[in-house]
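Trainee: Sequence first, then the predicted structure:
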Amino acid sequence: MLDAHPVLLGTIGSLLAGAMTSVGALPVFFGRDISTRTQDALLGFAAGVMLAASFFSLIIPGLDSAGQLYDSTFAAATICVGGLVLGVATIAWINESVPHEHFLLGPEGPASPSLRKIWLFVIAITIHNFPEGLAVGIGFGAGDFANGLSLATGIGLQNAPEGLAVAVALASQGYSRTSAFLIASATGIVEPVGGLLGAGAVYVSQPLLPWGLAFAAGAMLYVISHEIIPETHSRGNQNQATAGLVVGLVVMMFLDVTLG
């Protein structure tokens with residue numbers, strides 16, 4: 001497996017990470033309600049994993065890569081700042097341009113009366129998941145198997161509670177358990193697409209690597225700040241959400257150190 005092509009590894013890694021959404025959604029078949037405190041703690045965990053991954057697995061390696069390419073700390077910092085801002089701006093533009101809806105935060109982007117609410121929700125999760133697949137793909141595409149594995153493991157871990165949250169939310173809206181599971185699972189399909197694009201881009205052009213790492217970090221930071229944290233704090237469960245975030249950050253940091 002270590003000898004496999006980096007682009008193939010990036011695609012497979014992001015596919016497996018995305019598949020964890022399905023694993024997380026499985027409890028919806030058991031029919032037990034999950035308290036909002038537990039849901040917000042789990043989403044907080046997802047935010048913590050993404051936050052740690054943004055710095056330990058993307059920004060810091062991006063700085064190292066740019067420093068090696070240009071032998072200049074100033075150039076490295078400038079490139080990573082530029083890539084990060086570009087990642088934030090891109091996801092922000094998509095967020096404002098594409099109609100979508102969150103169950104708790106409501107509709108965002110332009111109005112689209114022709115789309116059913118459920119598809120607006122699926123689009124929202126797709127916008128959320130694409131940067132995660134991109135990050136995993138870039139990690140493997142850089143030729144650093146350990147960093148790619150760390151990212152795939154961390155993103156996979158945080159996809160599980162997200163899949164559960166999506167399935168539970170759909171079930172509460174009257175969807176059957178099977179439909180809730182299938183729709184939740186489908187939201188992870190976009191991740192291997194992001195993985196393939198990210199791995200291919202940085203493999204073809206090494207100078208794109210620091211830009212790609214910083215871009216993926218910026219995209220994930222936007223999702224954390226704009227969507228996950230506001231949603232976990234919207235129901236008064238700030239303590240549980242914060243505890244989940246800290247646990248997720250510590251777990252991802254541990255994974256990055258031990259696997260990397």
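Mentor: In hand now; what should we look at?

Trainee: contacts and neighbour counts: CA atoms only from here.
Mentor: Fine.

Trainee: Tell me which stretches of this protein form helices.
Mentor: 6-25, 36-52, 60-70, 73-97, 117-141, 145-172, 177-186, 190-204, 208-223, 229-232, 238-259 (DSSP state H).

Trainee: Could you tell me the phi and psi values at P207?
Mentor: Phi and psi for P207, reported as degrees, to the nearest 10, are phi -60, psi -20.

Trainee: my guess is it meets L69, correct?
Mentor: Yes. If you go by Cα atoms under 8 Å, P207 and L69 touch, sitting 7.3 Å apart.

Trainee: Low-confidence ranges, the stretch 51-200 of the chain, go.
Mentor: Filtered on pLDDT under 70, the stretch 51-200 of the chain yields the residue ranges 100-121.

Trainee: what sits against the closest residue to V166 other than its chain neighbours?
Mentor: Nearest residue to V166, sequence neighbours excluded (Cα to Cα, 6 or more residues apart in numbering): A184, at 5.6 Å. Contact analysis of A184 by Cα atoms under 8 Å, 6 or more residues apart in numbering lists 21-22, 25, 163-164, 166-167.

Trainee: and the helices of the chain, which is most packed in?
Mentor: helix 208-223 (a mean of 28; mean count of other Cα atoms under 10 Å).

Trainee: tilt between it and helix 190-204?
Mentor: Orientation of helix 208-223 against helix 190-204 (axes from the mean of the first three to the mean of the last three Cα atoms, to 10 degrees) gives an angle of 150 degrees.

Trainee: List the contacts of helix 208-223.
Mentor: 50-51, 53-55, 58-59, 61-63, 65-66, 79-92, 128, 131-132, 134-135, 138-139, 142, 198, 201-203.

Trainee: Kindly recompute the last result at 7 Å.
Mentor: 50-51, 54, 58-59, 62-63, 65-66, 79-80, 83-88, 91, 128, 131-132, 134-135, 138, 142, 202 (Cα atoms under 7 Å, 6 or more residues apart in numbering).

Trainee: The residue nearest to T178 when sequence neighbours are not counted: neighbour count?
Mentor: By the measure of Cα to Cα, 6+ apart, the closest residue to T178 outside its immediate chain neighbours is F29, 7.4 Å from it. Neighbourhood size, F29 [other Cα atoms under 10 Å]: 15.

Trainee: Would you agree F29 is in contact with R177?
Mentor: Yes. Counting by Cα atoms under 7 Å, R177 is a contact partner of F29 at 5.8 Å.

Trainee: Next, find the distance separating the residue nearest the centre of the chain from G44.
Mentor: By Cα atoms, centre = their mean, the mean C-alpha position of the chain lies nearest to E132, the distance being 3.2 Å. Noted for E132: a distance of 16 Å to G44, by Cα to Cα, to the nearest Å.

Trainee: what does S54 give?
Mentor: On the measure of Cα to Cα, S54 and G44 end up 15 Å apart.

Trainee: With L16 instead?
Mentor: 22 Å.

Trainee: Check F181 too.
Mentor: 21 Å.

Trainee: What count of nearby residues applies to G174?
Mentor: 10.

Trainee: gap between the residue nearest to T178 and A165?
Mentor: 13 Å.

Trainee: F181 is in contact with A167, isn't it?
Mentor: Yes. Judged on Cα under 7 Å, F181 makes contact with A167 at a distance of 5.6 Å.
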